[in-house]
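Trainee: build me a structure from this.
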Amino acid sequence: MAEHEKDAYVALIAERDPQIRALVEQGFTFVTNAFKAGAVPPGMKAVTDQEQARRLRQEGYQVELTRAYDEQGQVRPTLSAIWRYRPA
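Mentor: Alright, predicted model coming up:
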């Protein structure tokens, strides 16, 4: 996702979701959408939201998981959006 596309995506979902809007206002950065634990389709190799969050925490980030949305703003129930913030 190109940077301007990512910015437009974040603006779209922040407009629709007050929890995401609050995270953006607090300085959190969108990382990616990832499958929720237990939602990875059979035969597909993927890093789950919990694994991604653990790795980011090990790197010193504060991490939040929220509902995930597609590019049209529709909720993706099998995914989580991952947000990170590095405290000062």
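
Trainee: return the distance of the longest helix along the chain from the chain's centre.
Mentor: Identified as the longest helix of the chain according to DSSP state H is helix 3-16. Mean-position distance between helix 3-16 and its chain equals 12 Å (C-alpha atoms, centre = their mean, to the nearest Å).

Trainee: same question, stretch 58-75
Mentor: That offset, for stretch 58-75, works out to 2 Å (C-alpha atoms, centre = their mean).

Trainee: mind exporting that stretch as PDB, just the C-alpha atoms?
Mentor: C-alpha atoms of stretch 58-75 as PDB (Å, rounded to 0.1, in the frame of the first residue of the first chain):
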ATOM      1  CA  GLN A  58       9.100  -7.000  22.200                       C
ATOM      2  CA  GLU A  59      10.400  -4.100  20.000                       C
ATOM      3  CA  GLY A  60       9.200  -1.600  22.600                       C
ATOM      4  CA  TYR A  61       5.900  -0.500  21.100                       C
ATOM      5  CA  GLN A  62       2.600  -0.100  22.800                       C
ATOM      6  CA  VAL A  63       0.200  -2.100  20.700                       C
ATOM      7  CA  GLU A  64      -3.600  -1.900  20.200                       C
ATOM      8  CA  LEU A  65      -5.800  -4.200  18.200                       C
ATOM      9  CA  THR A  66      -9.100  -2.900  16.700                       C
ATOM     10  CA  ARG A  67     -11.700  -4.000  14.200                       C
ATOM     11  CA  ALA A  68     -10.300  -4.200  10.700                       C
ATOM     12  CA  TYR A  69     -11.900  -2.600   7.700                       C
ATOM     13  CA  ASP A  70     -11.400  -3.100   3.900                       C
ATOM     14  CA  GLU A  71     -10.600  -0.300   1.500                       C
ATOM     15  CA  GLN A  72     -14.400   0.500   1.200                       C
ATOM     16  CA  GLY A  73     -14.800   0.800   5.000                       C
ATOM     17  CA  GLN A  74     -16.600  -2.500   5.500                       C
ATOM     18  CA  VAL A  75     -15.800  -4.500   8.600                       C
END
